[in-house]
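>>> make a model of this:
(one chain, ligands or ions: 2)
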Amino acid sequence: MARRIKIFDTTLRDGEQSPGCSMNLEEKIEIAKQLEKLNVDVIEAGFAISSKGDFESVMNIAKTLKNTTVTSLARALEKDIDVAYEAVKYAVSPRIHTFISTSPVHMQYKLRMSPEEVIEKTAAMVAYAKKYVSDIQFSAEDATRTEPEFLARVVQTAIKAGATVINIPDTVGFTTPNEMFDLIKYLKQNVSNIDKAELAVHCHNDLGMAVANSLAAVQAGASQIECTVNGLGERAGNAALEEIVMALNTRKPYFDIDCEVNTKQIYRTSRLVYNIIGMTPPINKAIVGTNAFAHESGIHQHGVLAEKSTYEIMTPESIGLKTNNMVLGKHSGRHAFEDKLIELGYDFTQEEINTYFEKFKELCDKKKQVNNNDIIAIVTNKMTYKPGTYELDRFDVHASNKNAATCVIVLKADNEFTEEVAIGDGPINAAYNAIDKIVSIKGHSLENYSINSVSDGTDALGEVVVKIRYNDNTYIGRGLSTDIIESSILAYVNGINKIIEMG
Ligand code: KIV
Ligand code: ZN
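Ligands and ions are numbered 1, 2, ... in the order given. Next up is the predicted model:
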């Protein structure tokens, strides 16, 4: 029988540590719920002591999820462990994840501790955490640059003190698959109490080997892989969840490993995360990129038409993508629209379906055919207007290649309409200048602007994502329309609203 391994998702902790990938509480809860649908085993919801926001999100996720183990990271310090417990204690299955560095360079320069002090701290802090919950994960940070004999001593100590999971991080993405395989085998053979704990790996992608290293660890006997959706994470990121899961599934006879992830939720999870952090997947990204299942060359197309397996090693359906991209249009009724949402894997309340259907109808007035990507964009770009926030009423732009562009804009807030006009270097700059004259916040600046077409054709929906800097934080705004100036305005207003909502 195939061996079962666990998938530990750290998108909301290590993933969120990637520059420009911060998320607000609502967004984190939405991702956590989706990760539960994806059926991962453990969700690392944050680093509770690092900020009030992280504490709130770990606590709220712990309260919200129904089946999944929820953990918070904690340094090997009593105060970190206390706060981690306060946040995870509401979970159906709480875990505390404590860590300390074990490599010579980290012990000397980061911790300023001797190896013996690290051993003592490991024993004391694992035992301290054990007072709170039974499920304790211990990570030896920078394990792959640690002397194996010392690593084995630390691991043995942590298990003796009560750790139920031992994680071996390749913190700086330094190791190679063969070395990782040997290290896991070494620990299995040289730690006398190793069978009392699960062995996990956490691989970073600095040399592009995070997924390969994780799979090598599993082949050597590791039973938990830590990963993130879309491979987000510090620097070059972590091992990508979708790549690991699909490798194990597609090459099942080779690996002979089971994991319980519902692969049909992969595409949707990936899109949700990209949408929330305001990024679009590189088109050739493995598994979830737009080209992952596209066949361009004549020879390949011919082969796939004759027999899919000539060039397709996995099906688009297996990650929740429908090949039959049935389009909807202005004659499609609410029933067909609801069926399409169900087919795409969405749950919705009656209130949500009303909003989505209204947006769908608006889109049908502008676009003849509405496809899956358009519908995903409608659902993931849902906007709710809260008091004090702005709504676009109308705009009027004039642009030419000889003179500055002008834009008149009318925004509505709390039922009051405000009109402003501004000039700018192009119509979008003029619109943003006009918006800046209206809004109540000051001192913000546009950090990044990107535009992406979410479907094909000249009437495709243009999705604009902006990053606005305000008081040392970055806020992401998204806008969607068949008119790129409108989507640009909607994105900027959406970003400004997020700043106002955060108070
Ligand atoms: O990369 C790393 O070492 C980590 C640990 C804290 C698990 O993220
Ligand atoms: Zn990490």
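>>> pLDDT at the residue of the chain most remote from its centre, what is it?
The outermost residue of the chain, judged by C-alpha distance from the chain's mean C-alpha position using C-alpha atoms, centre = their mean, is residue 402 at 43.7 Å. As predicted, residue 402 sits at a pLDDT of 88.
>>> name the element it belongs to?
Element membership of residue 402 [criterion: DSSP states H and E] is none; it lies in no helix or strand.
>>> ok, now residue 478?
Assignment of secondary structure by DSSP H and E places residue 478 within strand 473-481.
>>> show me what counts as buried in that strand.
By neighbour count with 16 or more other C-beta atoms under 10 Å, strand 473-481 contains the buried residues 474, 475, 476, 477, 478, 479, 480, 481. The C-beta positions use only the backbone N, C-alpha and C, and glycine is treated the same way.
>>> which residues touch the first one?
Contact criterion C-beta atoms under 8 Å, 6 or more residues apart in numbering gives 20, 22, 447, 467, 468 as the residues in contact with residue 474.
>>> and the strand holding residue 478, how far out from the chain middle?
Here the centre of strand 473-481 is set off from its chain's centre by 16 Å, with C-alpha atoms, centre = their mean, to the nearest Å.
>>> residue 468 and residue 478 touch, don't they?
No. Look at residue 468 against residue 478 with C-beta atoms under 8 Å: they stay out of range, at 11.7 Å.
>>> mutual contacts of those two, please.
Common contacts of residue 468 and residue 478 (C-beta under 8 Å, 6+ apart): none found.
>>> next SSE after the least confident helix or strand in the chain by mean pLDDT?
The least trusted helix or strand in the chain, going by mean pLDDT, DSSP states H and E, turns out to be helix 298-306, with a mean of 69. Proceeding N to C from helix 298-306, the next assigned helix or strand is helix 334-343, under DSSP H and E.
>>> residue numbers of this protein in contact with ligand 1?
14, 73, 99, 139, 141, 167, 169, 171, 202, 204 (C-beta under 6 Å from any ligand atom).
>>> can you rerun that using 5 Å?
14, 99, 139, 141, 169, 171, 202 (C-beta under 5 Å from any ligand atom).
>>> format the contacts of residue 474 as TSV; extra columns: pLDDT, neighbour count and secondary structure.
TSV is the format used below for the contacts of residue 474 (pLDDT from 0 to 100; neighbours: other C-beta atoms under 10 Å; DSSP: H, G, I helix; E, B strand; the rest coil):
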residue	pLDDT	neighbour count	secondary structure
20	73	12	coil
22	77	16	coil
447	90	15	strand
467	90	19	strand
468	92	24	strand
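>>> of the residues you listed, closest to ligand 1?
Top of the list for closeness to ligand 1, among the contacts of residue 474 and by C-beta to the nearest ligand atom, is residue 22 at 16.6 Å.
>>> average pLDDT across stretch 111-119?
Mean pLDDT, stretch 111-119: 98.
>>> break the protein down into its domains, please.
Partitioning the chain according to automatic domain parsing yields domains covering residues 6-277, 293-320, 324-380, 391-502.
>>> span of the first one from start to end?
Pointing back at domain 6-277 there. Chord length of domain 6-277, first to last residue, is 26 Å (C-alpha to C-alpha, to the nearest Å).
>>> ok, what's across the strand from the residue of the stretch 401-503 of the chain found nearest ligand 1?
Here the stretch 401-503 of the chain gets closest to ligand 1 at one residue, residue 474, 21.5 Å apart by C-beta to the nearest ligand atom. For residue 474, the beta-bridge partners under DSSP bridges are residue 469.
>>> element containing residue 184, please.
Taking DSSP H and E as the definition, residue 184 sits inside helix 177-190.
>>> what are the buried residues along that helix?
Using 16+ other C-beta under 10 Å as the test for burial, helix 177-190 gives 177, 180, 181, 183, 184, 187.
>>> with distance to residue 328 and pLDDT added, can I get the buried residues of strand 473-481 in a markdown table?
Compiled in a markdown table, the buried residues of strand 473-481 are given as follows (distance: C-beta to C-beta, whole Å; pLDDT from 0 to 100):
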| residue | distance to residue 328 | pLDDT |
| --- | --- | --- |
| 474 | 35 | 83 |
| 475 | 32 | 86 |
| 476 | 28 | 86 |
| 477 | 27 | 87 |
| 478 | 22 | 84 |
| 479 | 22 | 86 |
| 480 | 16 | 83 |
| 481 | 18 | 85 |
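>>> residue ranges with poor pLDDT in the stretch 251-400 of the chain?
295-298, 300-302, 304, 322-327, 381-387 (pLDDT under 70).
>>> and the strands in the stretch 101-250 of the chain?
For the stretch 101-250 of the chain, applying DSSP state E, counting those that start in this stretch gives strands covering 136-141, 165-170, 198-203, 224-227.
>>> quick one: the contacts of residue 474 as CSV, columns for distance to residue 221 too.
Below are those laid out as CSV (distance: C-beta to C-beta, whole Å):
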residue, distance to residue 221
20, 37
22, 36
447, 45
467, 43
468, 47
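>>> re earlier: now the strands of the stretch 101-250 of the chain in TSV, with mean pLDDT and mean neighbour count?
As requested, the strands of the stretch 101-250 of the chain are arranged in TSV below (pLDDT from 0 to 100; neighbours: other C-beta atoms under 10 Å):
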stretch	mean pLDDT	mean neighbour count
strand 136-141	98	26
strand 165-170	98	26
strand 198-203	98	26
strand 224-227	98	28
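>>> roughly how far does the residue nearest to residue 443 when sequence neighbours are not counted sit from residue 501?
With sequence-adjacent residues excluded and distances taken as C-beta to C-beta, 6 or more residues apart in numbering, residue 443 is closest to residue 470, at 6.8 Å. Distance check for residue 470 against residue 501: by C-beta to C-beta, to the nearest Å, it reads 12 Å.
>>> now swap in residue 454 and tell me
Applying C-beta to C-beta, the value for residue 454 to residue 501 is 25 Å.
>>> what about those two, which has more around it?
Neighbours of residue 454 and residue 501, each counted by other C-beta atoms under 10 Å, are more numerous for residue 454; the result is 21 against 15.
>>> good, wrapping up.
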